[in-house]
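Enquirer: could you look at this predicted model? Sequence included:
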Amino acid sequence: MAGGEPIKVVQPHVHRHVLGLTHNATNGDAVDAVTAAKKAAPMWRELSFDDRAAVFLRAADLLAGPWRDTINGATMLGQSKTAFQAEIDAACELIDFLRYNVFFARKLLAEQPLSSPGVWNRFDYRPLEGFVYAITPFNFTAIAGNLPTSVALLGNTVVWKPSPTQQFAAHFTMRVLEAAGLPPGVINMVTGDGLAVSEVVLADPDLAGIHFTGSTATFQTLWRTVGENIGRYRGYPRLVGETGGKDFVIAHASADVASLNTALVRGAFEYQGQKCSAASRAYLPRSLWEAGLRDQLVATTESLTYGDVSDFGNFGGAVIDARAFAKHTAALDMVKNSPACTVLAGGTADDSEGWFVRPTVVQCTDPGHEVMRTEYFGPILSVYVYDDGDFEDVVRQAESAAPYALTGSIFATDRRVIDWASHTLRYAAGNFYVNDKPTGAVVGHQPFGGARASGTNDKAGSWQNLMRWMSPRTIKETFVPPTDHTYPHML
Ligand SMILES: NC(=O)c1ccc[n+]([C@@H]2O[C@H](COP(=O)([O-])OP(=O)(O)OC[C@H]3O[C@@H](n4cnc5c(N)ncnc54)[C@H](O)[C@@H]3O)[C@@H](O)[C@H]2O)c1
Ligand SMILES: N[C@@H](CCC=O)C(=O)O
């Protein structure tokens, strides 16, 4: 409350100003963070895995208990998530990451090579030599928390650069970790846009890895810079990046319309379409479209209310910032001026109070159109309606219509169709859904990540990801060493 007036949550990240969390880190801040990470490394590396794990399990317990409302509230205020979206992200998914990472790491550490009689072979699971740079996106408090903590669990120290527009919840994540007993220097948060930080960090010989989630363009910039500096480093930095998507829903004429309509609406418009997994292109059969799917999709979309997320009656809130608003309005202007596109629902935006973009359905007659290929990261769903007999051609076109391969769904009740499409789309998505929306992967259940322009597919929240943050040493110990250099045939 401010002066007795309820706070309206219509301009998300401006709440970080309340705590003064607006500092743009300088080269000097980056040097301090790197120095602290290097100083803490020997202490943190020498702790047992169980001692390190205990810190993160305590953090999970705090998030499930006294800190739950704080982290959820900060995510609502800072990122404009509804209570439901904040709960599945900030409390639930972050707790899952913290607990499952410990579970998967234990299984990994138990993995040992074969030993024959008289020989003991073993893996010494070493942390990387150096420190790791974690750079995190605005859209998930859980992802932001996972990137530095998963790396630290395996004994590495970290420089963590959260997104300025997620800084509010990131601040509280750091406070929870401290309350759980994380020693100083293990995770070193630097704030702001990251440009000055990267100048220092990417030039440091001890950079051992980058754990990134964000846009494809940013990851490519980081990768390029590492490539240019490759001769400077002590080792080859591990580059793990989960990036953009243009995620598809493809329906066959045998699909169930009610579940398809629900998946399109929830998949495209929850959290204002600002999930990397959000459905943003759909391929729908004319028979279903004309028999009622079109009218249902338009009516459901028009019924969605976006507004203040502290009003629990709203389905969604504002988009993250003025830059996102400008990007979405430019996309809406582009489709309105394109003869191949018709706006069926939404299509408007209003920034008179907050950054509000109406959930929009655009029908496009050209499956190769920009709106079917570009990630706008907003509540814009493009739809291509095909003649039922063209299903196989449409699936083949959709397979590589966009440069990404993050998530995608097939809707059908015909088993042969599901099998054929799953096979044909094998490389089109790292997370593939059958009769379900392409969003909402749960840690430990649907390990997450994609390939092509969507990233290195190292599956966040799984053992595959954790492996990247270790550098195993193989030790062979011989108990009966040979004492004669000659071969049997020489006798
Ligand atoms: N694949 C996934 O798992 C996944 C998950 C969430 C979001 N995303 C993607 O993230 C994007 C949206 O997030 P965003 O807008 O925060 O992305 P972004 O690329 O704009 O920013 C990501 C992070 O990089 C930082 N950054 C940018 N340039 C930098 C530099 N030179 N040095 C250091 N840091 C730098 C930003 O400040 C931020 O912390 C979308 O493309 C979305 O698809 C992907
Ligand atoms: N777990 C989330 C990840 C989204 C990324 O932005 C999902 O699957 O929707």
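Expert: Cool, the structure landed. These figures come from a predicted structure and were not determined experimentally. Ligands and ions are numbered 1, 2, ... in the order given.

Enquirer: give me the neighbour count for the residue of the stretch 251-400 of the chain found nearest ligand 1.
Expert: The minimum distance from the stretch 251-400 of the chain to ligand 1, using C-beta to the nearest ligand atom, falls at residue 276 (3.2 Å). From N, CA and C alone the C-beta is placed, and that goes for glycine too. Counted with other C-beta atoms under 10 Å, residues neighbouring residue 276 total 27.

Enquirer: ok, it - contacts?
Expert: The contact partners of residue 276, by C-beta atoms under 8 Å, 6 or more residues apart in numbering, come to 137, 139, 213, 242-245, 247, 406-407, 454.

Enquirer: residues in contact with residue 322?
Expert: 351, 355.

Enquirer: give me phi/psi at it?
Expert: Note on residue 322: backbone dihedrals following degrees, to the nearest 10 are phi -60, psi -30.

Enquirer: state the distance from it to ligand 2.
Expert: 21 Å (C-beta to the nearest ligand atom, to the nearest Å).

Enquirer: going forward, the N-terminal residue is numbered 572.
Expert: Happy to do that; since the first residue is 572 now, the last one works out to residue 893.

Enquirer: measure that residue to residue 919 for me?
Expert: In this view, residue 893 and residue 919 are 17 Å apart by C-beta to C-beta, to the nearest Å.

Enquirer: and residue 974, how many neighbours?
Expert: Neighbour tally, residue 974, other C-beta under 10 Å: 15.

Enquirer: show me the contacts for it.
Expert: Contact analysis of residue 974 by C-beta under 8 Å, 6+ apart lists 787, 817, 944, 1023-1024.

Enquirer: let's see it at 6 Å
Expert: residue 1024 (C-beta atoms under 6 Å, 6 or more residues apart in numbering).

Enquirer: and the pLDDT for it?
Expert: You'll see residue 974 listed with a pLDDT of 98.

Enquirer: then residue 573?
Expert: Listed pLDDT for residue 573 reads 41.

Enquirer: rewinding a little: confirm that the residue of the stretch 822-971 of the chain closest to ligand 1 sits in a helix.
Expert: No: read with DSSP: H, G, I helix; E, B strand; the rest coil, residue 847 is coil and lies in no helix.

Enquirer: residues in a beta bridge with residue 783, which ones?
Expert: For residue 783, the beta-bridge partners under DSSP bridges are residue 706, residue 812.

Enquirer: actually, residue 1003.
Expert: With DSSP bridges as the rule, residue 1003 is bridged to residue 979.

Enquirer: roughly how far does it sit from residue 980?
Expert: Distance, residue 1003 to residue 980, using C-beta to C-beta: 8 Å.

Enquirer: next one: residue 692
Expert: Residue 692 sits 45 Å away from residue 980 when distances are taken as C-beta to C-beta.

Enquirer: what residues does the stretch 822-971 of the chain put near ligand 1?
Expert: Taking C-beta under 6 Å from any ligand atom as the test, the list of the stretch 822-971 of the chain residues beside ligand 1 reads 847, 946, 948.

Enquirer: what separation is there between the nearest residue to the second one once chain neighbours are set aside and ligand 1?
Expert: Spelled out, that is residue 946. Spatial nearest neighbour of residue 946, excluding adjacent residues (C-beta to C-beta, 6 or more residues apart in numbering): residue 815 at 4.6 Å. Distance, residue 815 to ligand 1, by C-beta to the nearest ligand atom: 4 Å.

Enquirer: what residues are up against residue 815?
Expert: Shown in contact with residue 815 (C-beta under 6 Å, 6+ apart): 786-787, 946, 975.

Enquirer: residue 1002 too?
Expert: With C-beta under 6 Å, 6+ apart, residue 1002 has these contacts: 978, 1012, 1017, 1019.

Enquirer: compare the residues you listed and tell me which is most surrounded.
Expert: residue 978 (32 neighbours).

Enquirer: in stretch 801-810, what counts as buried?
Expert: Buried positions in stretch 801-810, judged by neighbour count with 16 or more other C-beta atoms under 10 Å: 804, 808-810.

Enquirer: scratch that, stretch 747-755
Expert: 747-748, 751, 753.

Enquirer: and what of stretch 591-610?
Expert: 592, 596, 600-601, 603-605, 607-608.

Enquirer: anything in it near ligand 1?
Expert: No: Stretch 591-610 lies out of reach of ligand 1 by C-beta under 6 Å from any ligand atom, never closer than 9.7 Å.

Enquirer: and the contacts of that stretch?
Expert: In this structure, residues lying in contact with stretch 591-610 by C-beta under 6 Å, 6+ apart are 702, 728, 730, 738, 742, 756, 759, 761-763, 767-768, 771-772, 775.

Enquirer: number of nearby residues for residue 887?
Expert: 25.

Enquirer: let me see the contact set for it.
Expert: 843, 877.

Enquirer: and it, what are its bridge partners?
Expert: Beta-bridge partners of residue 887, counted by DSSP bridges, are residue 877.

Enquirer: ligand 2 contacts on the stretch 672-821 of the chain?
Expert: Taking C-beta under 6 Å from any ligand atom as the measure of proximity, the stretch 672-821 of the chain contacts ligand 2 at 710-711.

Enquirer: quick one, strands of the stretch 672-821 of the chain?
Expert: 690-698, 702-706, 728-732, 758-760, 778-784, 809-813, 818-822 (DSSP state E, counting those that start in this stretch).

Enquirer: just put those in CSV and tack on mean pLDDT.
Expert: As requested, the strands of the stretch 672-821 of the chain are exported to CSV (pLDDT from 0 to 100):
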stretch, mean pLDDT
strand 690-698, 98
strand 702-706, 99
strand 728-732, 99
strand 758-760, 98
strand 778-784, 99
strand 809-813, 98
strand 818-822, 99
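
Enquirer: let me know the closest of the buried residues of stretch 591-610 to residue 654.
Expert: For those, the residue nearest residue 654 by C-beta to C-beta is residue 592; the value is 22.4 Å.

Enquirer: mind checking how far the closest one is from residue 729?
Expert: Taking C-beta to C-beta, one finds residue 592 at 19 Å from residue 729.

Enquirer: can you give me the pLDDT of the residue of the stretch 822-971 of the chain closest to ligand 1?
Expert: Here the pLDDT value assigned to residue 847 is 98.

Enquirer: check residue 589 too.
Expert: Confidence score, pLDDT, at residue 589: 74.

Enquirer: count the neighbours of it for me.
Expert: 12.

Enquirer: quick check: it is in a strand.
Expert: No: under three-state DSSP, residue 589 falls outside any strand and is assigned helix.
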